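> Provided below for reference: sequence and predicted model.
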Amino acid sequence: MSDGDVSTGDKAVVCQYGDNIATFGLWLNKNPLEYSVPLLLLQLSIITVTSLLIEILLHPLGQSSIVAQILGGILYGPSFLGHERLLGSSLFPNRSVVTMETLATFGITFFLFAIGLRTDTRMLVRPGRQSLILTAAAIFITMIFTVPVSLILKAYVEMDESLAKSLPYIAAAQSLTPFSNVSCLLVELKLASTELGRIASSTAMFSDAVGICMISIIFALIQSKFEVYRSALSIGSTILFVVAMGFLVKPIVRRMVKRMPAGKPLREHHVLFCFFGTLVACLLSEVIGQHFTFGPVIFGFIIPDGPTMGSPIVSKLDLPVGKFLYPTFLTTSGLKTNIFTISLRSLGIMAFIISFSCLVKLAGIVFVSRSLNICMQDSIIIGLILNVRGVCEILMYNLWRDGGILTDQEFALSVMSVVVVTAIVTPLIRWLYDPTKRRVPLKRRTIQHSKRDVELRVMVCIQNQDSIPSIINILEASNATEESPIAVIAVVLEELAGRTTNLLVAHQSTRTLQPNNSRSGHIINALRQYELCNESCVTVQSFSAVSHMQIIHDDICRLALDQNAAIVILPFHKHWEIDGTIGTTNKVIQNMNIKVMEKAPCSVAILVDRGVLTQSLSLLNRQSIYKVAIIYIGGPDDAEALSYAARMGAHSNVMLTIIRYLLYGCDSARERKIDNQLIDDVRQANMENQNFIYQEQVVKDGVGLASSLRTIENHYDLLIVGRTHQSSQILMGLGVWSECPELGVVGDLLSSPDFGSTASVLVVQQQRLDAEKLRNRMMKPVVVSHESVHDDANVAAGTGLPTGGATVPSARDHEVRWDVA
């Protein structure tokens, strides 16, 4: 370093005592902030707390976390508290820069390793046509227009010499679309499982692959100062490094994973291998002339994702790296940002080139998206997502600053461009995109409104393989025939870990059982066994939904819409032990159920599985009788439950009982008309069915209803009930004790451990429609007048009919019971 460099302010000389590492306390009259370790600990604490507070304050404005983390560094940097020797210069002095940046280097190293590990490498090698076209638009169209404009500005607009030198580099950088930026934004906005999220992720993955190749070549040229021989050596060694990783290290990792026992915790030496491999890859990157972050990304690519190795590694890195070291890197970049070095002319030129590049990328993506039959609004949203800025741009600007391409002014402008663009794009995406509005079916998707001789499409969501026997019994009881077959769409729910992008995997349909020791393999084989037993009238299509449990309801609703399902059966969030107590409770599943019920494009049912309490035989052997009872009070949900139960009643091994509850003391003739018609149709269809029973119970209030329900505790294998009922005295007082609102009042009562029943419970909700007119077409509450009780009883005793007017079987064919509870 020359004296001239120091005198002009291009460099800083920091003198520091070698023994000022740790202090022994205030009691020795020593300032802890003059020692490295206490200062570093204080800096990390301040960074974490400040970033968290800024993120909380900006959250109502729809901002992402990266904006808060960069602003936290700017706050303590020379732009604010660090200016004119204020508080920031004491907390973040120059002598602490090396220590902070070293720690931040480890943070960004392991963060990018985790990004590489989460990336689906199949999309990098074999991208789809859609991804190829969108990547070409995002990179090449942006570069073709933006770089020439920057050269024109450089030639004809007066600007600082340093800005003129760096402007083409900054313009070219706007064409990149790093996958880490897109994936973090999609997860934060809960859009990763949406269709547009998948399109943006796949495009960003392939764009990232192209970007890595371009940056590696450019970096090799810069490091070798554009000498042909040295550049060829650097590029050749980079290619050799990637080939060695793919053909030498990857097979070793695969063999290691195959020897790991499934379902067992990750061993310590496997964790050490990943950490050691990341550091070695980082070192080799520097040796071959690449940036130190190149190696960890490539090493992350070769580590298999999934629950065996990828998921545990990511979970171990998430807290220390994602929440601690990674924000430190962003904050150190903010600490270097000095807005007082920016001139107004440079600000205007930079604002123009950044705005122009964003608009060009947006216009290019919209143009090619229209040719891919993507609607205008979706095209704009994809363009906005691919315009997002993030850690990769910050990393590149730091690299160019250290290499002399950017001065303090251009670095401050570049960092501020990341903050401003992300701050604008993120709220726009939130405002433009609402995934719930896209799941609007064009017609009724219910069992009640389906034709009798058409295929019934049932979607079952399976979270635990212990529930398989009960699910198969319900599917078998659904009475698949050649005239009315059943299509089962089975979705195995798996929590996303070990990758950033959500997956919806369609398993190959075969007519044979496949050897598989995984959890999903056992579930799929059990469903295939059910399909083989009903070969001519049942089809099973199995999927695995790998997603964050907080947003997996989007996958379920979208798949139900795409597969034209009439009903979705969800798992209950409580799991019973064999002694009748509640073993485990999963609140995440409960939240999932509530969201699916709110947004589902078809009818929904929640299965409260108590099969472990009875160990009932499978219906597939055709030897056992499956006892089903429906609790009917009235309303659209009960009508849907009745329609499903009526289908079950046609099965030769199902004994169906309809228990209808009426309210004592109210006029009912007109309001019971629709309910009577539905029940009369079911009774007419089962006129010759010896396994069909119809009962009526008259109760005065909720206490009477609860007492009556307790008399059927252990008489059935399955109880079916509608979720909601319109306000009525028949439910008075029961809602106070409800613990699970997703089950409704009656469903919650039947599913309570205090109920004492061993029967599984299926709580049904009919498809919810926004149109008020369609909703009003459904049934009204069932009531019965005080005066008509005696007359109705006589009618029922003589003809088997409640008041309603339709012709139904006599009481000699079916049992009719009238009680007042």
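Received it, and whenever you're ready, just let me know what you need. Numbering: from 1, shown residues only.

> okay, now residue 753: neighbour count?
If you count neighbours by other C-beta atoms under 10 Å, residue 753 ends up with 11. In short, each C-beta sits where N, CA and C put it, glycine included.

> with adjacent residues omitted, what lies nearest to residue 551?
residue 190 (4.7 Å; C-beta to C-beta, 6 or more residues apart in numbering).

> ok, residue 65 to residue 52 distance?
9 Å (C-beta to C-beta, to the nearest Å).

> picking that back up, isn't there a strand covering the residue nearest to residue 551?
No - per DSSP: H, G, I helix; E, B strand; the rest coil, residue 190 lies outside any strand segment and is coil.

> list the contacts of it.
550, 551, 554 (C-beta atoms under 8 Å, 6 or more residues apart in numbering).

> neighbour-wise, which one of those leads?
That'd be residue 554 among those, by other C-beta under 10 Å, with 27 neighbours.

> so it: helix, strand or coil?
Assigned with three-state DSSP, residue 554 falls in the helix class.

> okay, the contacts of residue 190 in TSV with pLDDT next?
TSV is the format used below for the contacts of residue 190 (pLDDT from 0 to 100):
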residue	pLDDT
550	79
551	78
554	82
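
> what does stretch 273-288 contact?
Contacts to stretch 273-288, defined as C-beta under 8 Å, 6+ apart, come from residues 109-110, 113, 234, 237-238, 241, 245, 249, 256, 291-296, 298-300, 303, 309, 313.

> what are the phi and psi values at residue 44?
With angles defined as degrees, to the nearest 10, residue 44 sits at phi -60, psi -40.

> how close does it get to residue 92?
Distance, residue 44 to residue 92, using C-beta to C-beta: 11 Å.

> what of residue 172?
Using C-beta to C-beta, residue 172 is found at 32 Å from residue 92.

> okay, those two: which has more neighbours?
More crowded of residue 172 and residue 92, by other C-beta under 10 Å: residue 92, with 25 against 17.

> tally of neighbours for the nearest residue to residue 738 once chain neighbours are set aside?
Counting by C-beta to C-beta, 6+ apart, residue 738 lies nearest to residue 748, which is 4.5 Å off, once chain neighbours are set aside. By other C-beta under 10 Å, the residues close to residue 748 number 23.

> before we move on, which element is residue 748 in?
Residue 748 is part of helix 744-751 when elements are defined by DSSP states H and E.

> contacts for whatever helix or strand comes next after that helix?
Counting by DSSP H and E, the element after helix 744-751 in chain order, helix or strand, is strand 760-765. Residues from elsewhere that reach strand 760-765, judged by C-beta under 8 Å, 6+ apart: 470, 474, 567, 569, 597, 603-611, 637, 640-641, 644, 717-724, 742-744, 747, 750-751.

> repeat the analysis, applying 7 Å as the threshold.
Applying C-beta atoms under 7 Å, 6 or more residues apart in numbering, the contact partners of strand 760-765 are 470, 474, 597, 603-611, 637, 640-641, 644, 717-723, 743-744, 747, 750-751.

> please work out the average pLDDT along it.
Across strand 760-765, pLDDT averages out at 92.

> also stretch 484-492?
The average pLDDT for stretch 484-492 rounds to 90.

> likewise stretch 456-474?
Stretch 456-474 carries an average pLDDT of 88.

> quick one: buried residues of that stretch?
456-463, 467-474 (16 or more other C-beta atoms under 10 Å).

> where does residue 160 fall, phi/psi-wise?
Phi and psi for residue 160, reported as degrees, to the nearest 10, are phi -60, psi 150.

> leaving out chain neighbours, which residue sits closest to residue 682?
residue 646 (4.6 Å).

> give me the phi and psi for the one you found.
phi -60, psi -40.

> now do residue 493
phi -90, psi 120.

> those helices in the stretch 101-250 of the chain, which residues are they?
Per DSSP state H, counting those that start in this stretch, the stretch 101-250 of the chain carries helices over the ranges 121-125, 129-136, 142-156, 161-173, 179-188, 195-223, 228-244, 250-258.

> between residue 65 and residue 52, who's got more neighbours?
Comparing residue 65 with residue 52 by other C-beta under 10 Å, the one with more neighbours is residue 65, at 20 against 16.

> which SSE is the closest residue to that one other than its chain neighbours in?
Closest residue in space to residue 65, ignoring its immediate chain neighbours: residue 55 at 5.3 Å, by C-beta to C-beta, 6+ apart. For residue 55, the element it lies in under DSSP H and E is helix 36-58.

> coming back round to it: nearest to residue 425, of the contacts of residue 190?
The nearest member of these to residue 425, counting by C-beta to C-beta, is residue 551 at 20.1 Å.

> look up how far residue 39 lies from the closest one.
Going from residue 551 to residue 39 by C-beta to C-beta gives 41 Å.

> so what's the residue count around the spatially closest residue to residue 211 that is not a sequence neighbour?
Spatially, and ignoring its direct neighbours in sequence, residue 211 is nearest to residue 176 (4.5 Å; C-beta to C-beta, 6+ apart). Look at residue 176: counted by other C-beta under 10 Å, it has 23 neighbours.

> thought residue 176 was touching residue 212?
No - Residue 176 is beyond contact range of residue 212, at 9.6 Å (criterion: C-beta atoms under 7 Å).

> this protein: strands as residue ranges?
Per DSSP state E, the chain carries strands over the ranges 456-462, 486-495, 503-506, 538-547, 567-571, 574-576, 582-585, 603-608, 626-632, 654-663, 692-699, 718-722, 760-765, 818-820.

> among those, which comes closest to residue 365?
With distances scored as C-beta to C-beta, the stretch of those nearest to residue 365 is strand 503-506 (23.8 Å).

> so which elements touch the helix holding residue 55?
helix 65-76, helix 87-91, helix 97-118, helix 326-335 (3 or more C-beta pairs under 7 Å, 6 or more residues apart in numbering; DSSP states H and E).

> so which residues of the stretch 301-450 of the chain form helices?
Using DSSP H, counting those that start in this stretch, the helices of the stretch 301-450 of the chain run over residues 310-317, 326-335, 344-371, 376-386, 391-402, 408-432.

> of those, which is nearest residue 579?
Taking C-beta to C-beta, helix 310-317 is the member of the helices of the stretch 301-450 of the chain nearest to residue 579, at 32.4 Å.

> between that closest one and helix 97-118, how big is the angle?
Counting by axes from the mean of the first three to the mean of the last three C-alpha atoms, to 10 degrees, helix 310-317 lies at 160 degrees to helix 97-118.

> next, the buried residues of helix 310-317.
For helix 310-317, the neighbour count (16+ other C-beta under 10 Å) marks 310, 311, 312, 313, 314, 317 as buried.

> pLDDT of it, averaged?
Average pLDDT, helix 310-317: 76.

> could you give the angle of it to helix 326-335?
For helix 310-317 against helix 326-335, the angle by the same axes, to 10 degrees is 50 degrees.

> let's see helix 310-317 as CSV, backbone CA atoms only.
Extracted in CSV, the C-alpha atoms of helix 310-317 (Å, rounded to 0.1, in the frame of the first residue of the first chain):
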residue,chain,number,x,y,z
GLY,A,310,-30.7,-33.5,3.4
SER,A,311,-33.5,-32.7,5.8
PRO,A,312,-31.5,-33.2,9.1
ILE,A,313,-28.6,-31.2,7.7
VAL,A,314,-30.9,-28.3,6.7
SER,A,315,-32.7,-28.4,10.1
LYS,A,316,-29.3,-28.2,11.9
LEU,A,317,-28.3,-25.2,9.7
